[in-house]
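**Q** missing the sequence, but the structure's below:
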């Protein structure tokens, strides 16, 4: 079955550490996105990529980095520069002209 | 500047009654609108969409209405069921921009009371 997979489901990070969240899709979608969800804030766009080897900053890119070396993969690194990284992170993909397919999310907690 | 607004953070409805979730937008270039449903600790799932060439789209118990002049859309759920309890996100896009990037509202938490 085609889908989009995020791993891990739960992730704990010590302050000052970088962590990488995985997102893989086998839907042959061109575009991929990373969103962050905080209570009362809805979904805020971190980064997006419309084609391989190209990506753009979203509304809240500071403290995050991404790569898009393969069409199927769009990992997100939460760096130590991100001041408040505890949140629920959602990855999505889309084919031009259609809505998003979302992954099941990763809950990141700073300890 | 919030381009998609869901002004009601929460809504409670009795089982069997109608749920009406509202969404307003400010960007007149938006021409395609979607509703997503999200359970806690899960990713949102697509529910229903509408193009700006229509004013209504129906899928089973779910109907979306679009009023372009008012820049307003609403999602009607009839009859409401306890399993409908979730957060509902309204989203919009400008299909002419080429990216099909979605702009989301902050969501409305629907609670259907048995």
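**A** Arrived safely, thanks for sending. Computed from a predicted structure; not experimentally measured. Numbering: from 1, shown residues only, chains lettered A, B, ... in the order given.

**Q** for the chain, what are the low-confidence residue spans?
**A** Just going to use chain A. In the predicted model of chain A, residues A:1, A:96-98 satisfy pLDDT under 70.

**Q** should've been chain B
**A** Short version for chain B, where the test is pLDDT under 70: B:98-100.

**Q** Get me the contact residues on it for chain A.
**A** B:6, B:9, B:34, B:36, B:41-46, B:49, B:89, B:91, B:95, B:98-102, B:104-107 (C-beta under 8 Å from any C-beta of the partner chain). For glycine as for every other residue, the C-beta is placed from the backbone atoms N, C-alpha and C.

**Q** can you rerun that using 6 Å?
**A** B:34, B:42-44, B:46, B:100, B:104, B:106-107 (C-beta under 6 Å from any C-beta of the partner chain).

**Q** Strands of chain B, start to end?
**A** Taking DSSP state E, the strands of chain B run over residues B:4-5, B:10-14, B:19-25, B:32-38, B:45-51, B:56-59, B:62-67, B:72-77, B:86-93, B:103-104, B:108-113.

**Q** Now render these as a markdown table, adding mean neighbour count.
**A** Output for the strands of chain B, formatted as a markdown table (neighbours: other C-beta atoms under 10 Å in any protein chain shown):
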| stretch | mean neighbour count |
| --- | --- |
| strand B:4-5 | 20 |
| strand B:10-14 | 14 |
| strand B:19-25 | 21 |
| strand B:32-38 | 23 |
| strand B:45-51 | 16 |
| strand B:56-59 | 12 |
| strand B:62-67 | 18 |
| strand B:72-77 | 20 |
| strand B:86-93 | 24 |
| strand B:103-104 | 21 |
| strand B:108-113 | 18 |
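
**Q** Is it possible to get a markdown table of those that adds distance to residue A:95?
**A** What follows is the strands of chain B, written out as a markdown table (distance: least, C-beta to C-beta, whole Å):
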| stretch | distance to residue A:95 |
| --- | --- |
| strand B:4-5 | 22 |
| strand B:10-14 | 32 |
| strand B:19-25 | 23 |
| strand B:32-38 | 14 |
| strand B:45-51 | 13 |
| strand B:56-59 | 20 |
| strand B:62-67 | 21 |
| strand B:72-77 | 23 |
| strand B:86-93 | 13 |
| strand B:103-104 | 18 |
| strand B:108-113 | 27 |
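
**Q** picking that back up, the residues of chain B next to chain A: which two are farthest apart?
**A** Of all pairs drawn from the residues of chain B next to chain A, the one with the longest distance (C-beta to C-beta) is B:42 and B:100, at 22.9 Å.

**Q** who's more crowded, these two?
**A** Comparing residue B:42 with residue B:100 by neighbour count (other C-beta atoms under 10 Å in any protein chain shown), the higher total belongs to residue B:100, at 19 against 15.

**Q** Just give me the neighbour total for the residue lying closest to residue B:31 once chain neighbours are set aside.
**A** Leaving out its chain neighbours, the residue that sits closest to residue B:31 by C-beta to C-beta, 6 or more residues apart in numbering or on different chains is residue B:52, at 4.0 Å. When neighbours are defined as other C-beta under 10 Å, residue B:52 has 15 of them.

**Q** if we can go back for a sec, how about the strands of chain B, which one is nearest residue A:77?
**A** Closest among these, once you apply C-beta to C-beta, is strand B:103-104, at 23.1 Å.

**Q** helices or strands up against that closest one?
**A** strand B:86-93 (3 or more C-beta pairs under 6 Å, 6 or more residues apart in numbering or on different chains; DSSP states H and E).

**Q** try 10 Å
**A** With contacts taken as 3 or more C-beta pairs under 10 Å, 6 or more residues apart in numbering or on different chains; DSSP states H and E, strand B:103-104 sits against strand A:42-51, strand B:86-93.
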